[in-house]
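Q: Just to be clear, the model below is a prediction. Sequence and coordinates:
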Amino acid sequence: MGYDPANPMLDRITDIGPPHYERFFPPVIKNNYGKWLYHEIIQPGVLMHKSETGDEVYTVRVGSARLISIEQIRELCDVADKHCDGYLRFTTRNNVEFMVDAKAKVQPLLDELKGRGNRFPVGGTGACVSNVVHTQGWIHCHTPATDASGVVKAVMDELFDYFTTMKLPAKCKMALACCLNMCGAVHASDIAILGVHRKPPMVDDETISAVCEIPLAISACPLGAVKPRKATNAAGQEIKSVSVNAERCMFCGNCYTMCPSMPLADPDGDGCAILVGGKVSNSRSMPTFSKLVIPFLPNNPPRWPEVVQAVKGILEAWAKDARKYERIGEWAERIGWEKFFEKCDIPFTIKSVDDYRLAYDTWRTTTQFKFTSHIK
Amino acid sequence: MALSKDELKAKILNKAMTAAKPQLYVKDFYECDPESGPRDIKNAANDLVKDGKMVFWSSGSTTMYAAVGRAKDEEHR
Amino acid sequence: MPKHDTPMMDELEKGPWPSFVTDLKRQAVKNDQCWDILGQMELSFRDKMTHWKHGGIVGVFGYGGGIVGRYSDVPEQFPGVAHFHTVRLNQPSSKFYNTEMLRKVCDLWERRGSGMTNMHGSTGDLVLLGTRTDQLEPLFYELTHDLNWDLGGSGSNLRTPACCLGKARCEFACIDTQAVCHGLTMKYQDEIHRPAFPYKFKFKFSGCPNDCVAAIARSDFSLIGTWRDNIRINQAEVKKYVAGEYKNNAGGISESFGKFNIKKDVINLCPTRCMWMEGEELKIDDAECTRCMHCINAMPRALRPGLVKGASVMCGAKAPILDGAQMGTMIVPFVKVDPDTEFEEVVFYIEKIWDWWMEVGRNRERVGETMQRVGLPTFLKVMEIEPIPQHVKRPRENPYVFWAEEEVEGGWQRNVQEFRAKHKM
C-alpha cells in the first residue's frame, strides 16, 4: 500500500511529531544521560566527556556546509556505520559530530575522515572561528540582498586555519543573514555579515492589483512611507496602487515580503554590512547585540573579496590585541569603540550613529572618551 | 452566548467569501463572534481548511486564510 | 536537464572549506535537477540578484506549516527548478540520528525531491530543499507512514522547537532540554502545523546560561537552565588546577595566552567578584553569584552547577525586523522543569502568554513587540506575576508612572468649583 492519488485522504496520518530522540542515542550517550562530570578538548575538534560511571565519550567535530546533498549525508552515514555503531549528530552550527566510546577509536576515525579528501575538516572547538550559521541566500530565498552559501564558503576558505586550531583569545561565533529579516539570528554574533538593500522598492502597476493586498503593503511599512495611489495601467484601466516615499525608506524590504509587486533588490544597491561584538552566552558579560561597524560592502561574487578582507581584518586585529577570554564585543567595550575603529583600521561613518528607534541609548553621554585619530 | 461551532464556521466562511480582501488574517475573523475566544475562532477557521472550504496562504513568515478560489497564488492565478 | 556553463560556481570548488558546489555536482549525476539549481545560482551570481519568487497556497492538505512554496522567475531557462518548494522535517530533539533513519530520509528525498538539504535550517528543522507541488502529498504520506515522522512549523505557527544537547553529553545541563523540547513539541502539534497566532512564535531550550541554542536572542519563549543553591566545588581538583596540571578552559584556549592562573583567569574575571582563595581553597560567596558560568567553563573538573536545578523563563526575543532586535526579558527567575508533571509550570506560563497575545497582538507582531507596546508593567499584570527587582536591569529613570485611579487616595473625581473658591484666578 502506498500513496493513492485517487484517494489522498485514505489512512491519513497527521500530528505525530518527530521521532523520539532517545532512539538515536548511541549506547554510551544513553547509559550516561545526565551523568557527565566534565569535558576536555584533547585536540582541536576532538572533545572528551567523562561520566561519573567512568565511561568516556570522544567526539570528533567536523565542519560542513549547511547546504548538503543526500550523497554527502550517505557518506557521513558510511563513516558513522564504520566507526560509530551507526550514530551521529548535527550541531546548531551545521557541524557534524561523530562519537566513539574509547580513545583508541579516535585516531582511526580521524584517519578515515582525512582519507576522504579535504571535505571533512576537524575543528570548531574552543577558541576558534566557529562554523558560520547562515540563511539561504540565492539558493532558495525570494528576498535576499546577498548570497549566503557562496559568501560563507569564501570567508571560511580564508579563515580555515582559525577553524582547525584554537589560537584565538576566545571563541568567535560568526553568522550571515542574507537580508534584514535575519532569519539566521545574526544579531548577536561576534562577527555578522548582513545582506542590505539600498534602493527603495519599485512599484509595478501592471501586476500590483492582481498579486497584492494594497492595505497589507501599506501597513507593512514601519515608517509609513507606503501610501495608496491611483494609477493607470498599460491597458488604460484605473487601478489601485501605492507610492513609496523614498526619503523615508529604511530599505527593510518588509513591503516586498507582503507584496511581490514592490521589488527592491538591485545589483548595485545590494551588498553586505558588517556587525560585530554580539554574544548570546551569559558568561562574564551580559548577552549583547552586534553593532554595525561597516555599513556597506559590494556584492562581488563569486568570492566577495571586500567582505572576506573586512572580516579577516577585524578578526586579526582582535586576536592580536585582546586578552585571554575576551570576546570581540568585550574587547571593544574595554578599549572603547573609538579604539576599535582605529585598531581595525575601519573608517567611522555617520551610518554607525543610530537614528532609528531607541537610538539615544547608543549616544555618548559622558566626557569619558579616548583621543584617537578621529579627533582632528 | 458564544455561537456554536457550526454557526461560527458559517460566519467565518461567509466573511472569507465576501470580504473585500480575499486573504484574511485569523484576527480578521475575531469580529465574526465577539463572544468566542481567539482559540475557538482559530480552531473553526482551521476546521474549514480541513473541510476543503478554505485554504492557507503563506508568505513563509505569515499565514493567512482565503476561501477556495479567492487566494492570489503562482499556480492558481 | 542539461549541464550549464557555471564558471563562477566552479570557482567555489577551490579552497579548503567543504564546497557546496562540488557536492551539488555530485548530486547532479544522480538527479539532473541539480544542474538547474547550479545554473540558476550561476545566473544569480552574474546578475547579483535572486531569481526566486514568493510562495503561496502550497502545502500538504490541512497543514498551514511545514512547507514553504518557492518558484523560479526564469522557469523556461531552468525547468528543473520551476517549482522549488522546501519541506521542513521536525528534527529529533538535539539532532542525534542513526544512519538507518538518515538513509531512509535520503531515499525518500531521492524519490520525491532534488536531493539537496539543509542540515539544518536556522530554527532547527531538517530542511529538504526543492520539490514540485505534485510531490508534496506523496512525500507526506511516505514520511508519516514509512518513517513515522512529521513536518515542522512555518508561517504564523508555533515554529519547530529546538534545544541544546543537554544531559545527553554536557555536564552543565540544569534541565532535561530534550525531554521538555520533545514533550512540548508533541503537546503542541496542532499549533506547529496550523496557524494559531498573529505571527510566528518560537520555543528554545538551553541547559545552562552558556545558551548554546541562542535562545535568549531569538525565541519568543525560552527556558535557560540555572540553579539556586551553591556551585559544587571539588577542592582537590582546584589544587590540581592551581598546580598547573590542567589546561585553560578545558583545553579550549591556547597556552600561548599564558598557563592557567586561577587569579587572573577565574577570580578576576568573575563579574560579581564573589570568589577568593583562602590558602589552597577556593571560596565562593554564592549569595552574590549571578551564575554566569565563566568559572565553571574555565575549570570544569573543579566546579559544577548546584543541585537545586530549574530554569529561568525568558520571553520576547526576536531579530530586528521591524522595531529592532530584542533579547528575551526575564519573566520568571526560576521554575521547575519536571517531566513527571508534564512540565506543568512551564505550560502554565506558555498558555497564559498565548491567550493574551492571541487577543491583543497585532498582525505580524512578535510577542516581544506586543510587550514593548503595552509595556512590561502591563504584561506582568496580565501574567499575574508579582513585580520583582529581577525583572529590570535598573529602575526607571523617568517619573511618568501610569497611576490607576484606585491607587490614589480619594480617587480622581474632584470639584473644580471648590478648588476655585480657594484659588482665585
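A: Ah, there it is.
Q: Next, give phi and psi for the nearest residue to C:M383 once chain neighbours are set aside.
A: The spatial neighbour of C:M383 that comes closest, neighbours along the chain excluded (C-beta to C-beta, 6 or more residues apart in numbering or on different chains), is C:K352 at 5.7 Å. The way it works is simple: take the backbone N, C-alpha and C, and place the C-beta from them, glycine included. For C:K352, the backbone dihedrals are phi -70, psi -40 (criterion: degrees, to the nearest 10).
Q: residues contacting C:K352?
A: Under the criterion of C-beta atoms under 8 Å, 6 or more residues apart in numbering or on different chains, the contact partners of C:K352 comprise C:382-384.
Q: export the residues you listed to JSON lines and tack on neighbour count?
A: Rendered in JSON lines, the data for the contacts of C:K352 read as follows (neighbours: other C-beta atoms under 10 Å in any protein chain shown):
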{"residue": "C:V382", "neighbour count": "17"}
{"residue": "C:M383", "neighbour count": "15"}
{"residue": "C:E384", "neighbour count": "7"}
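Q: tell me which of the residues you listed is nearest to A:Q309?
A: Checking those against A:Q309 with C-beta to C-beta, the nearest one is C:M383 at 48.6 Å.
Q: Can you check the pLDDT for the closest one?
A: What the model reports for C:M383 is a pLDDT of 95.
Q: Alpha carbons of stretch A:292-307, as CSV, please.
A: Output in CSV follows, covering the C-alpha atoms of stretch A:292-307 (Å, rounded to 0.1, in the frame of the first residue of the first chain):
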residue,chain,number,x,y,z
LEU,A,292,27.1,48.0,12.8
VAL,A,293,30.7,49.0,12.0
ILE,A,294,30.8,48.7,8.2
PRO,A,295,27.6,49.9,6.6
PHE,A,296,28.1,48.6,3.1
LEU,A,297,30.4,46.4,1.0
PRO,A,298,29.5,45.5,-2.5
ASN,A,299,28.3,42.1,-3.7
ASN,A,300,31.2,40.8,-5.6
PRO,A,301,30.7,37.2,-6.5
PRO,A,302,31.9,34.6,-6.6
ARG,A,303,34.3,35.4,-3.7
TRP,A,304,33.2,38.6,-2.1
PRO,A,305,36.9,39.8,-1.6
GLU,A,306,35.8,43.0,0.2
VAL,A,307,33.7,41.1,2.7
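Q: So that stretch, near chain C or not?
A: Yes - contact between stretch A:292-307 and chain C, assessed by C-beta under 8 Å from any C-beta of the partner chain, occurs at A:299, A:301-303.
Q: contact partners of that stretch?
A: Looking at what lies outside stretch A:292-307 - C-beta under 8 Å, 6+ apart - the contacts are A:145-147, A:150-151, A:154-155, A:193, A:196, A:198, A:267-268, A:270-276, A:310, A:314, A:340-341, A:344, A:346, A:349, A:351-352, C:8-9, C:11-12, C:45-46, C:48.
Q: and A:W318, what is it in contact with?
A: A:W318 sits in contact with A:168-169, A:172, A:328, A:331, A:344, where contact means C-beta under 8 Å, 6+ apart.
Q: need those in a markdown table with secondary structure, pLDDT and distance to chain C, can you?
A: Converted to a markdown table, the contacts of A:W318 look like this (DSSP: H, G, I helix; E, B strand; the rest coil; pLDDT from 0 to 100; distance: C-beta to the nearest C-beta, whole Å):
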| residue | secondary structure | pLDDT | distance to chain C |
| --- | --- | --- | --- |
| A:L168 | coil | 97 | 8 |
| A:P169 | coil | 97 | 6 |
| A:C172 | strand | 98 | 12 |
| A:I328 | helix | 98 | 15 |
| A:W331 | helix | 98 | 13 |
| A:C344 | helix | 98 | 20 |
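Q: Throw those residues into a markdown table and include distance to A:S130 and neighbour count, thanks.
A: Formatted as a markdown table, these follow (distance: C-beta to C-beta, whole Å; neighbours: other C-beta atoms under 10 Å in any protein chain shown):
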| residue | distance to A:S130 | neighbour count |
| --- | --- | --- |
| A:L168 | 10 | 25 |
| A:P169 | 14 | 23 |
| A:C172 | 7 | 24 |
| A:I328 | 13 | 29 |
| A:W331 | 17 | 23 |
| A:C344 | 20 | 21 |
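Q: of the residues you listed, closest to C:V213?
A: Comparing the contacts of A:W318 against C:V213 with C-beta to C-beta places A:C172 closest, at 18.3 Å.
Q: Quick check: the gap between the closest one and A:A127.
A: 8 Å (C-beta to C-beta, to the nearest Å).
Q: swap in A:I42?
A: From A:I42 over to A:A127 (counting by C-beta to C-beta), the distance is 15 Å.
Q: These two: which is more packed in?
A: Shown here are A:I42 and A:A127; by other C-beta atoms under 10 Å in any protein chain shown, A:A127 has more neighbours (25 against 16).
Q: which residues does that one contact?
A: Contacts of A:A127 (C-beta under 8 Å, 6+ apart): A:166-172, C:249, C:252-254.
Q: What is the nearest of these to chain B?
A: When the contacts of A:A127 are compared for distance to chain B, the smallest value, 29.5 Å, is given by A:C172; criterion: C-beta to the nearest C-beta.
Q: Look up the residues forming beta bridges with that closest one.
A: Here A:C172 sits in beta bridges with A:V129, as judged by DSSP bridges.
Q: I'd assumed A:A192 was in contact with it.
A: No - because the distance of 11.2 Å does not satisfy C-beta atoms under 8 Å, A:C172 is recorded as not touching A:A192.
Q: How about residues contacting stretch C:338-349?
A: C:176, C:179-180, C:183-184, C:187, C:221, C:223, C:311, C:313, C:331-332, C:335-337, C:383.
Q: Mind telling me what element A:F296 is part of?
A: Taking DSSP states H and E as the definition, A:F296 sits inside strand A:291-298.
Q: Paired strands for that strand, with orientation please.
A: Within its sheet, strand A:291-298 is paired with strand A:271-276 (antiparallel), according to DSSP bridges.
Q: So what's the predicted local confidence for B:E74?
A: We have a pLDDT of 58 for B:E74.
Q: nope, C:G258 is what I was after
A: 91.
Q: to the chain's geometric centre, what's the distance from stretch C:65-79?
A: 28 Å (C-alpha atoms, centre = their mean, to the nearest Å).
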